[in-house]
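Undergrad: build the 3D model from these lines:
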Amino acid sequence: MGARIGVALAGSLVVYLLVTLAQVTYAARQDQARPTQAIVVLGAAQYNGRPSPDLQARLDHAFQLWSHKLAPVIVVTGGSAPGARYSEATAGTDYLAARGVPQSDLLREHWARQLAVPGLGGPLPRGPFDP
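TA: From the prediction side, this is the model:
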């Protein structure tokens with residue numbers, strides 16, 4: 001009797017994992033892009049003004065959305081490490097400008113240090129933007 005329960009539990013686990021895999025695969029293939037007021041690119045590492053592969057992938061996706069006229073402006077966020085010559089936002093806006101996005105369609109928010117402070121609730125403080 002105990003072996004039957006074990007087999008049933010193992011079978012249930014396999015079915016659960018397969019259903020979850022199918023749901024994730026389906027959701028990942030859905031394009032939910034639609035017109036909006038702005039495209040926001042969250043910062044990631046940059047190396048002396050060059051976007052890291054992660055940041056570059058985010059910027060390329062933002063460029064694609066902007067090219068399809070889904071938003072009139074791209075907001076690139078990300079501060080800089082102490083002693084860094086470039087912020088993540090500056091590296092990102094420079095990258096997008098080199099791809100043909102006019103400066104008038106780019107906003108930099110490079111004072112950010114982190115998205116949230118652990119243990120603190122409520123809205124995040126507003127920061128300055130520069131064109």
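
Undergrad: which residue packs closest to the residue nearest the centre of the chain, ignoring adjacent ones?
TA: By Cα atoms, centre = their mean, the chain has its centre lying nearest to L42, at 5.0 Å. Leaving aside its chain neighbours, L42 sits nearest to T77 (5.7 Å; criterion: Cβ to Cβ, 6 or more residues apart in numbering). Heads up, the C-betas are built off the backbone N, CA and C, glycines and all.

Undergrad: same check on R99?
TA: Per Cβ to Cβ, 6+ apart, closest to R99 is F63, 5.5 Å.

Undergrad: distance-wise, check that neighbour relative to P35.
TA: Taking Cβ to Cβ, to the nearest Å as the measure, F63 falls 16 Å from P35.

Undergrad: what about those two, which has more around it?
TA: F63 (18 against 10; other Cβ atoms under 10 Å).

Undergrad: contacts only, for the more buried one.
TA: By Cβ atoms under 8 Å, 6 or more residues apart in numbering, the residues touching F63 are 74, 96, 99, 101.

Undergrad: immediately after the helix of greatest length in the chain, which helix or strand?
TA: Taking DSSP state H as the criterion, the chain has its longest helix at helix 2-28. Following helix 2-28 in sequence order, the next helix or strand is strand 39-41 (DSSP states H and E).

Undergrad: how does the chain divide into domains?
TA: Domain assignment of the chain by automatic domain parsing yields the ranges 1-30, 39-109.

Undergrad: need the winner for burial among the ones you listed.
TA: domain 39-109 (a mean of 17; mean count of other Cβ atoms under 10 Å).

Undergrad: thinking again about what came up before, could I get the domains of the chain as a markdown table with mean pLDDT?
TA: A markdown table is the format used below for those (pLDDT from 0 to 100):
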| stretch | mean pLDDT |
| --- | --- |
| domain 1-30 | 91 |
| domain 39-109 | 94 |
